[in-house]
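Chemist: Sequence first, then the predicted structure:
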Amino acid sequence: NDLGGSLRTPAAFNGVVGLRPSPGVVPRGTRLQPFDTLWVEGLMSRSVRDVALMLDAGAGYSPQDPLSFHPPAGSYVTALKAFDAPKRVAFSKDLGIVPMAREIVQITQNAAEKISGFGIEVIEEIPDFSGVLEGFQTLRGVLLATMLDDLIAAHRDAILPDILKNAEVGHQVSNRQIIQAEKIRRSIVHQMHEFFQTCDFLICPTTSVAPFDVEHPFVTEIDGQTCETYIDWFAITFALSMTGCPVVSLPCGFTEAGLPVGLQIVGQPRQEAALLAFAELLEQNFDMAVMVPR
């Protein structure tokens, strides 16, 4: 599943494809809040085609999830064949809101240049993501507090301190912070709708940093900029969680050290078929699906 990037980040770090679908596409169980749209079930696999196959198996309606719905007629695998290349996409190196490692920027910019070589116009104009990070952290805190409240009360000593801190955010935020977070979410959803009137997809890096040593639980700084919290380093994924749009992470290159780098592609809500078809087009041209990290 994917709340702030738990599918997309490991997919990027391991050179595979990860899909965060639109809310309701893959039904969720009773553990999650029934009308929450931040935490969704999704998929990871070696290739876009395998992700489409898994989505065919996982998508559908469940009475346990009131946001779920029956998928459109046909299969996602079949839809990969019936696709016209987009005319215009937007690329941003950082969504205007997050610090980025220079090598990640260079590799993803190179991928964007390849896209322009396919006859697709690549522009820089994107929606305004100001305030999205703070809004997400407020809503995430409320969600975690709601989900974990009883568990924390019974097993506080067995839960990681960082998880406790994040759940406690939900108890500490003010009504004004919640209202502001919802206003920010409303704004970015409406902006994305306007964006898709003239542009087919939004593209940006999946991570701000390259994969790092497993002994380090999180990143403390990015190119000299100190991270304020332990989740800052994957802010570029959780910013997109606020849009309600489907997002796929696609391998697009390797660092000098041979570590994989991912590219996020954002599609229109509930348009997973078109998103996966475009991702497969890029996958074939990037020629990454048959490669593995050194």
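Modeler: That came through, no problem.
Chemist: What sits closest to residue 5 if chain neighbours are left out?
Modeler: With sequence-adjacent residues excluded and distances taken as CB to CB, 6 or more residues apart in numbering, residue 5 is closest to residue 237, at 2.8 Å. Heads up, the C-betas are built off the backbone N, CA and C, glycines and all.
Chemist: tell me the pLDDT at the one you found?
Modeler: The predicted local distance difference test score for residue 237 is 96.
Chemist: Report all helices and strands that the helix or strand hosting it contacts.
Modeler: Here residue 237, judged by DSSP states H and E, is contained in helix 235-241. Counting contacts by 3 or more CB pairs under 8 Å, 6 or more residues apart in numbering; DSSP states H and E, the secondary-structure elements packed against helix 235-241 are helix 132-155, strand 201-205, strand 260-266.
Chemist: mind putting those in JSON lines, mean pLDDT included?
Modeler: Below are the helices and strands packed on helix 235-241 laid out as JSON lines (pLDDT from 0 to 100):
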{"stretch": "helix 132-155", "mean pLDDT": "93"}
{"stretch": "strand 201-205", "mean pLDDT": "98"}
{"stretch": "strand 260-266", "mean pLDDT": "97"}
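Chemist: Which among these is found nearest to residue 107?
Modeler: Relative to residue 107, the nearest member of the helices and strands packed on helix 235-241 by CB to CB is strand 260-266, separated by 4.7 Å.
Chemist: Now the helix or strand following that closest one: buried residues?
Modeler: Of the helices and strands lying after strand 260-266 in sequence (DSSP H and E), the nearest is helix 272-286. Across helix 272-286, burial judged by 16 or more other CB atoms under 10 Å covers 272-283, 286.
Chemist: picking that back up, and residue 92, which of the helices and strands packed on helix 235-241 is closest to it?
Modeler: For residue 92, the closest of the helices and strands packed on helix 235-241 is strand 201-205, at 4.8 Å, according to CB to CB.
Chemist: Using CSV, list the CA coordinates for that closest one.
Modeler: The C-alpha coordinates for strand 201-205 follow below in CSV (Å, rounded to 0.1, in the frame of the first residue of the first chain):
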residue,chain,number,x,y,z
PHE,A,201,0.8,13.9,-17.7
LEU,A,202,2.9,15.4,-14.9
ILE,A,203,6.4,14.0,-14.5
CYS,A,204,9.0,14.4,-11.7
PRO,A,205,11.6,12.3,-9.9
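Chemist: Now residue 184: closest residue in space, sequence neighbours ignored.
Modeler: Taking CB to CB, 6+ apart as the measure, residue 184 lies nearest to residue 135, with 3.7 Å between them; neighbours along the chain are not counted.
Chemist: Ok, residue 170 next?
Modeler: The shortest distance from residue 170 to any residue other than its chain neighbours is 2.6 Å, reached at residue 145 (CB to CB, 6+ apart).
Chemist: Would you check how far apart residue 227 and residue 209 are?
Modeler: Taking CB to CB, to the nearest Å as the measure, residue 227 and residue 209 are separated by 10 Å.
Chemist: er, residue 135 actually
Modeler: Per CB to CB, residue 135 is found 23 Å from residue 209.
Chemist: For residue 230, which non-adjacent residue is closest in space?
Modeler: For residue 230, ignoring the flanking residues on the chain, the nearest one in space by CB to CB, 6+ apart is residue 218 at 4.3 Å.
Chemist: Wait, the one you found touches residue 209, no?
Modeler: No: shown here, residue 218 and residue 209 do not form a contact pair, counting by CB atoms under 8 Å, at 10.2 Å.
Chemist: Please enumerate the shared neighbours of the two.
Modeler: When CB atoms under 8 Å, 6 or more residues apart in numbering defines a contact, the residues bordering residue 218 and residue 209 alike are residue 233.
Chemist: who's more crowded, these two?
Modeler: Counting neighbours by other CB atoms under 10 Å for residue 218 and for residue 209 shows that residue 209 has the greater number, 21 against 13.
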